[in-house]
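Engineer: A predicted structure for the sequence below; I have some questions about it.
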Amino acid sequence: MRIVLTGSNGQVGFELQRALSPVGEITAVDRKACDLTSSKELRALIRENRPDVVINAAAYTAVDKAESEQSEAFAVNGIAPGVLAEEAAQRKALFIHYCTDYVYDGANVSWYKEDDGTNPLNVYGASKLEGTRAVQRVAPRHLIFRTCWVFSGHGANFVKTVLRLAAEREHLSVVADQFGAPTSAALIADVTAQVVGQYQRSGEAGFPYGLYHLAAAGVTTWCDFAQTIVETAQRTGKVLKLKPAAIHPVSSAEYPLPATRPANSRLSTLKLRQTFGLHLPPWQHGLDHVLRQIL
């Protein structure tokens, strides 16, 4: 299979290159190789490489900065996916795209399902929702994986930030009223590869295209996540100034940011697991793996 992958230097894109290497020949590009704000370059990428599968792992992910850079966020997250999906559809190629829990407002009292209503609270979430809808409009052969709280051993993320602060500080305050499942980029990539493999074996007829939630099992808060990061790192022998007990819970109101986050980011993955016969491990499993990489 010929695979075109955008966002090759991002957290998910980096892991996808590893996970997809046994599946087919990958043409992976980053922003330097292909300008995501240029429809001309995006169309040329697909037309020149003639892929069987197009995977869009590129995204504008600076959630707070997006509040003041709306045009760039919507160009990358809202317009580019539709252009790529349109080109993929013309080739009858499978198009894979990644969405975010930030399309929800967090008002649900239980786990979000794929058909629950969306209502993003920030520009980043709105731009990702626009891209998702564009893909759904133009590409019948699509898979959209909606995930949350992504981290990895590559690139900047919450895990690395906590480790850096834990080496510098003796006290830390972290938000404790937002709930979700930290999901490793490696898990997202491995699930993607599994599903692409099933697509390759089964062919187009009857394949279950559509939108699926993809997140690790379990639930936690950002504060509990930070405490577990420090505790696990110390258990492996990492010397840190910060002790888990010195990470103090605060409310979102006590720690205001430019972009409002949903309080509830719990995503039900039942549809994904039942449709593709997959097991999704607890989020702690992914954290252990990433900390071994980093430390």
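Structural biologist: Cool, the structure landed. All values reported here derive from a predicted model rather than from experimental measurement.

Engineer: Which parts of this structure are strands?
Structural biologist: Assigned by DSSP state E, the chain shows strands spanning 2-6, 25-29, 53-56, 94-100, 142-147, 150-151, 172-175, 179-180, 183-184, 210-213, 220-221, 247-250.

Engineer: could you redo those strands as TSV and give each row distance to residue 228 and mean pLDDT?
Structural biologist: In short, each C-beta sits where N, CA and C put it, glycine included. Shown next, in TSV, are the strands of the chain (distance: least, CB to CB, whole Å; pLDDT from 0 to 100):
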stretch	distance to residue 228	mean pLDDT
strand 2-6	31	97
strand 25-29	32	96
strand 53-56	30	98
strand 94-100	22	98
strand 142-147	19	98
strand 150-151	12	96
strand 172-175	11	96
strand 179-180	14	98
strand 183-184	13	98
strand 210-213	22	98
strand 220-221	7	98
strand 247-250	10	97
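
Engineer: Any idea which of the ones you listed gets closest to residue 121?
Structural biologist: Between residue 121 and these, the tightest spacing by CB to CB is seen for strand 94-100, at 11.7 Å.

Engineer: how about the CA coordinates for the closest one, as PDB?
Structural biologist: Output of strand 94-100 as PDB, limited to C-alpha atoms (Å, rounded to 0.1, in the frame of the first residue of the first chain):
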ATOM      1  CA  LEU A  94      -8.900   5.700   2.500                       C
ATOM      2  CA  PHE A  95      -8.700   9.000   4.400                       C
ATOM      3  CA  ILE A  96      -7.700   9.000   8.100                       C
ATOM      4  CA  HIS A  97      -8.000  12.100  10.300                       C
ATOM      5  CA  TYR A  98      -7.700  12.800  14.000                       C
ATOM      6  CA  CYS A  99     -10.100  14.900  16.100                       C
ATOM      7  CA  THR A 100     -10.100  16.100  19.700                       C
END
